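Visitor: need coordinates for the below:
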Amino acid sequence: MTAAQQADLVSVIVNDHRAVEQAFSELESGAGDAEYRHNLTDHVIAELVRHSIAEEQFMYPAVRRYLDGGEQIADKEIEEHGEAEKIMKQLESADATDEKFDQLLRQLIQDVRHHVEDEENNLLPKLQHACTADELRDLGSKVEQAKKVAPTRPHPSAPNTPPANLVLAPGTAFIDKIRDTLSGRQT
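Guide: Have a look, this model is predicted:
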């Protein structure tokens, strides 16, 4: 794939958002039994965790570097990730037949949709304006690679800024993948 064919950061992030939104819509439709809903929720959690880790490793450092007020913007985004991760952690162990599961799921969907709307309407256009096309393609490539080796389960107390998150994420991901395999969790 040539540099011109690589997906840029904005495309990668927006494509992830659309995939998660599709799963959210399916969950909200009430389709499937409790096991199906729990498995789909596990899948969404894995995708959200991968996405968040990749953003924290590469997009938010770019926000800090390229945008005026980038420190505060990145800190706010990371804080929102942390709140979502706490909900995801609770969802992991919740019984899909319990009302608490549905409450947590509704809260997660609401929080993620708010986060996505803010990123797509504010943050991503600012980054598009501040970065060159080559920088955006490089960041898109890095985010795609990071998602391939990112953890699949929420770890609310794990570091969420470089360099610690860059060092610890692969080991955490390895352990998550073993846990996923042993438990039969589809991610």
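
Visitor: ok, Ala23 - contacts?
Guide: By Cβ atoms under 8 Å, 6 or more residues apart in numbering, the contact set of Ala23 is 40, 43-44, 47. C-beta here means a position set from N, CA and C on the backbone, and glycine is covered the same way.

Visitor: helices and strands around the helix or strand harbouring Ala62, which ones?
Guide: Applying DSSP states H and E as the criterion places Ala62 in helix 60-66. Other helices and strands packing on helix 60-66, by 3 or more Cβ pairs under 8 Å, 6 or more residues apart in numbering; DSSP states H and E, are helix 70-93, helix 124-130.

Visitor: which positions in the longest one come out as buried?
Guide: Neighbour-count burial for helix 70-93, counted by 16 or more other Cβ atoms under 10 Å, picks out 70, 73-74, 77-78, 80-81, 84-85, 87-91.

Visitor: okay if I get the residues you listed as TSV plus pLDDT?
Guide: Below are these laid out as TSV (pLDDT from 0 to 100):
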residue	pLDDT
Gly70	96
Ile73	96
Ala74	96
Glu77	95
Ile78	94
Glu80	94
His81	93
Ala84	95
Glu85	93
Ile87	96
Met88	95
Lys89	93
Gln90	95
Leu91	94
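
Visitor: closest to Ser11 out of those?
Guide: Of all the buried residues of helix 70-93, Glu77 has the smallest distance to Ser11: 18.6 Å, by Cβ to Cβ.

Visitor: so how far is Arg37 from that closest one?
Guide: Glu77 sits at a distance of 28 Å from Arg37 (criterion: Cβ to Cβ, to the nearest Å).

Visitor: related to what we said a few turns ago, which residues are contacting the helix holding Ala62?
Guide: Here helix 60-66 makes contact (Cβ under 8 Å, 6+ apart) with 9, 70-71, 73-74, 77-78, 123, 127, 130-131, 135, 139, 161-162.

Visitor: tell me the one of those residues nearest Val149?
Guide: Of all those, Val149 sits closest to Pro162, with 15.0 Å by Cβ to Cβ.

Visitor: in this protein, mark out all the helices, start to finish.
Guide: Listed in chain order, the helices of the chain (DSSP state H) span 9-29, 34-54, 60-66, 70-93, 99-118, 124-130, 133-148, 164-183.
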